[in-house]
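**Q** predicted structure and sequence below. I'll ask about it afterward.
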Amino acid sequence: MTSKPAAIEARNLTKSYGEKPVLGGVDISVPEGTIFSLLGPNGAGKTTTVNILTTLIPASGGDAFVHGNHVAGDADAVRRSIGVTGQFAAVDGLLTGRENLHLMGRLHHLGKRETKRRTEDLLERFDLVDAAKRTPATYSGGMKRRLDIAMCLMGDPKVIFLDEPTTGLDPSGRRVVWSIVRELVKSGTTIFLTTQYLEEADELADKIAVLNGGTIVAEGTPEELKRLVPGGHVKLRLHRPDQVERAVQSLAAVVSDTDPLGVQVASDGSIHSLRRILDAIDREGIEVDELTVHTPDLDDVFLTLTGHTTNIETAAAAA
């Protein structure tokens, strides 16, 4: 199976402001049609990375390419191939929803007919037809975010940068945005997501990179990252109380504090680890009623790798 070409690639990307380094050699590769999430505490360099990749600021060193175009040498081509949304919806509150989309069509130099076609298509796609004649001041937070993403799509971008896209939304609005993102990826769009909502990265991302102090300290799928930190275990609920001691001895298990038939076995959550435990259960003739695999979550990973906690309700944009 051939791997997909990279839609976004950064090689040894650095950025300094005077004597202050912000990025210290960042390498990123995002295959086409995937969701890549960049996590990190405030000041880690997330927004700086996005600003370089979207041609807003120059890098101090290294190279970066988006859709095959160099962000410095082919900046105009990069801008034509990308869409960008920030954590606050960039809609014009004095224009109606439809007029906001028409404005984006003119900015992308689309003809009147094409602008109208794309506008009506996006209003339908994002369930905004009934609100199209109203100004965004009358919209809910989720509706404003949907309009913002629709405006981003007027130029038919191949790559979309979503910088804190669900900040301020309630759980229902957040899940609507997640659904939109998944649909975009199904159509072949590449998504570069920065977020401090760890649940969001866990739900959406094919790959996550953790940025701390200007460098990437870990990268992998959500499940791979969860296996980097200790605390994973398999919880067994035995059928017979007389087998608890046998399970403790043969599996190096620990008896549960709350369930006299429950034991916990240390595990990294991998198939190899689970197979080892199941083989031992079978070999020892231990009767098990329930088996549950517990792995550390991304909060544990984030804390371990960065030394910071994150609050998914109050997280602010990173510098």
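**A** Sure thing, it's come through. No experiment lies behind these values; they were computed from the predicted model shown.
**Q** shouldn't residue 216 be in contact with residue 23?
**A** No - the criterion here is Cβ atoms under 8 Å, and residue 216 misses it with residue 23 at 9.8 Å. To be clear about C-beta, it is placed using only N, CA and C from the backbone, and glycine gets the same treatment.
**Q** looking at these two, which one has more neighbours?
**A** residue 23 (25 against 22; other Cβ atoms under 10 Å).
**Q** how about the more buried one, secondary structure?
**A** Using DSSP: H, G, I helix; E, B strand; the rest coil, the structure places residue 23 in strand.
**Q** quick one, what contacts it?
**A** 13-16, 45, 48-49, 52, 59-60, 214-215 (Cβ atoms under 8 Å, 6 or more residues apart in numbering).
**Q** gap between residue 168 and residue 189?
**A** Distance check for residue 168 against residue 189: by Cβ to Cβ, to the nearest Å, it reads 24 Å.
**Q** so which of the two has more stuff around it?
**A** residue 189 (21 against 14).
**Q** can you pull out the strands in the stretch 1-150 of the chain?
**A** Under the criterion DSSP state E, counting those that start in this stretch, the stretch 1-150 of the chain contains strands at 6-17, 20-31, 35-39, 61-66, 69-70, 82-85.
**Q** next: the stretch 201-319 of the chain.
**A** 207-212, 215-220, 233-238, 254-255, 262-266, 288-294.
**Q** got the contact list for residue 13?
**A** 23, 25-28, 49, 52, 59, 61-64.
**Q** and with 10 Å instead?
**A** 23-28, 45, 48-49, 52-53, 59-64, 71, 214 (Cβ atoms under 10 Å, 6 or more residues apart in numbering).
**Q** give me the PyMOL select line for those residues, limited to the buried ones.
**A** Here is the PyMOL selection string for the buried members of the contacts of residue 13, based on 16 or more other Cβ atoms under 10 Å:
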select buried, resi 23+24+26+28+45+48+49+52+53+59+62+64+71+214
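**Q** still on that earlier bit, pick the most buried one from the strands of the stretch 201-319 of the chain.
**A** strand 207-212 (a mean of 23; mean count of other Cβ atoms under 10 Å).
**Q** any idea how far residue 98 is from the closest residue to residue 39 other than its chain neighbours?
**A** Nearest residue to residue 39 in three dimensions, chain neighbours excluded: residue 210, at 5.0 Å (Cβ to Cβ, 6 or more residues apart in numbering). Applying Cβ to Cβ, the value for residue 210 to residue 98 is 41 Å.
**Q** what stretches of the stretch 101-250 of the chain score poorly on pLDDT?
**A** Counting by pLDDT under 70, the stretch 101-250 of the chain contains no low-confidence segment.
**Q** now do stretch 107-127: distance to the chain's middle.
**A** 28 Å (Cα atoms, centre = their mean, to the nearest Å).
**Q** then it to CSV, C-alphas only?
**A** In CSV, the C-alpha atoms belonging to stretch 107-127 read as follows (Å, rounded to 0.1, in the frame of the first residue of the first chain):
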residue,chain,number,x,y,z
LEU,A,107,-12.1,38.2,-2.7
HIS,A,108,-11.3,34.9,-4.4
HIS,A,109,-12.0,36.6,-7.8
LEU,A,110,-14.8,34.2,-8.6
GLY,A,111,-17.3,35.2,-11.3
LYS,A,112,-20.8,36.2,-10.2
ARG,A,113,-22.3,32.9,-11.4
GLU,A,114,-19.7,30.8,-9.6
THR,A,115,-20.0,32.9,-6.5
LYS,A,116,-23.7,32.4,-6.4
ARG,A,117,-23.4,28.6,-7.1
ARG,A,118,-20.9,28.1,-4.3
THR,A,119,-22.8,30.3,-1.9
GLU,A,120,-26.0,28.4,-2.3
ASP,A,121,-24.2,25.0,-2.1
LEU,A,122,-22.4,26.0,1.1
LEU,A,123,-25.6,27.4,2.7
GLU,A,124,-27.3,24.1,2.0
ARG,A,125,-24.3,22.0,3.1
PHE,A,126,-24.0,23.9,6.4
ASP,A,127,-27.7,24.0,7.2
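**Q** which residues touch it?
**A** Against stretch 107-127 from outside (Cβ under 10 Å, 6+ apart): 80, 97-106, 128-132, 143, 145-157, 176, 180, 183.
**Q** mark which of those residues are buried, thanks.
**A** 80, 97-98, 100-105, 128, 131-132, 143, 145-155, 157, 176, 180.
**Q** what do residue 216 and residue 23 both touch?
**A** In contact with both residue 216 and residue 23: 10, 44-45, 49, using Cβ under 10 Å, 6+ apart.
**Q** flag the least confident of these.
**A** Among the shared contacts of residue 216 and residue 23, residue 44 carries the lowest pLDDT, at 86.
**Q** that one against residue 215, yeah?
**A** Yes - using Cβ atoms under 10 Å, residue 44 is in contact with residue 215, at 9.0 Å.
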